[in-house]
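Participant: test case, fold it:
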Amino acid sequence: MSYINEGLYSWFGLNNSELLLRYELNDNQIQFSAISSQNNKLLESGGSNENTPSVVTQPVRVVQKATLIKN
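Facilitator: Have a look, this model is predicted:
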């Protein structure tokens, strides 16, 4: 996990998916978000010559957000 811009971030792979998780604490509430993509559905563009690098992307499949509040 990495602490960047007042949030905790984690990026990992699980069962052919890549997940990016983010947690941020604001006013005693945790803002949580998750973004996932399939790492077996890579798209490649560019790379047609030495001046154009190849770019590999993964389509985003799911975005989830939640606010966790302590009662």
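Participant: what's the local residue count around the spatially closest residue to residue 1 that is not a sequence neighbour?
Facilitator: Nearest non-adjacent residue to residue 1, counting by Cβ to Cβ, 6 or more residues apart in numbering: residue 10, 4.8 Å away. Using the backbone N, CA and C atoms, a C-beta is placed for each residue, glycine as well. A count of nearby residues for residue 10, using other Cβ atoms under 10 Å, gives 12.
Participant: equivalent analysis for residue 69, please.
Facilitator: As a burial measure, residue 69 scores 9 neighbours (other Cβ under 10 Å).
Participant: is it in a bridge, and if so with what?
Facilitator: According to DSSP bridges, the partner residues bridging residue 69 are residue 29.
Participant: so it makes contact with residue 29?
Facilitator: Yes - counting by Cβ atoms under 8 Å, residue 69 touches residue 29, with 5.2 Å between them.
Participant: between those two, what contacts are shared?
Facilitator: When contacts are counted by Cβ atoms under 8 Å, 6 or more residues apart in numbering, the set common to residue 69 and residue 29 is empty.
Participant: surely the residue nearest to residue 1 touches residue 3?
Facilitator: No - assessed by Cβ under 8 Å, residue 10 is found out of contact with residue 3, at 10.8 Å.
Participant: list the contacts of the most centrally placed residue in the chain.
Facilitator: Central residue of the chain (Cα atoms, centre = their mean): residue 20, 2.9 Å from the mean position. By Cβ under 8 Å, 6+ apart, residue 20 lies in contact with 9-11, 34-36.
Participant: one more time with 7 Å, if that's ok
Facilitator: 11, 35 (Cβ atoms under 7 Å, 6 or more residues apart in numbering).
Participant: partners of it in the sheet?
Facilitator: Going by DSSP bridges, residue 20 forms beta bridges with residue 11, residue 35.
Participant: do the same with the one 4 residues further on
Facilitator: According to DSSP bridges, residue 31 are recorded as the beta-bridge partners of residue 24.
Participant: ok, it - how many residues close by?
Facilitator: Residue 24 has 14 neighbouring residues, counting by other Cβ under 10 Å.
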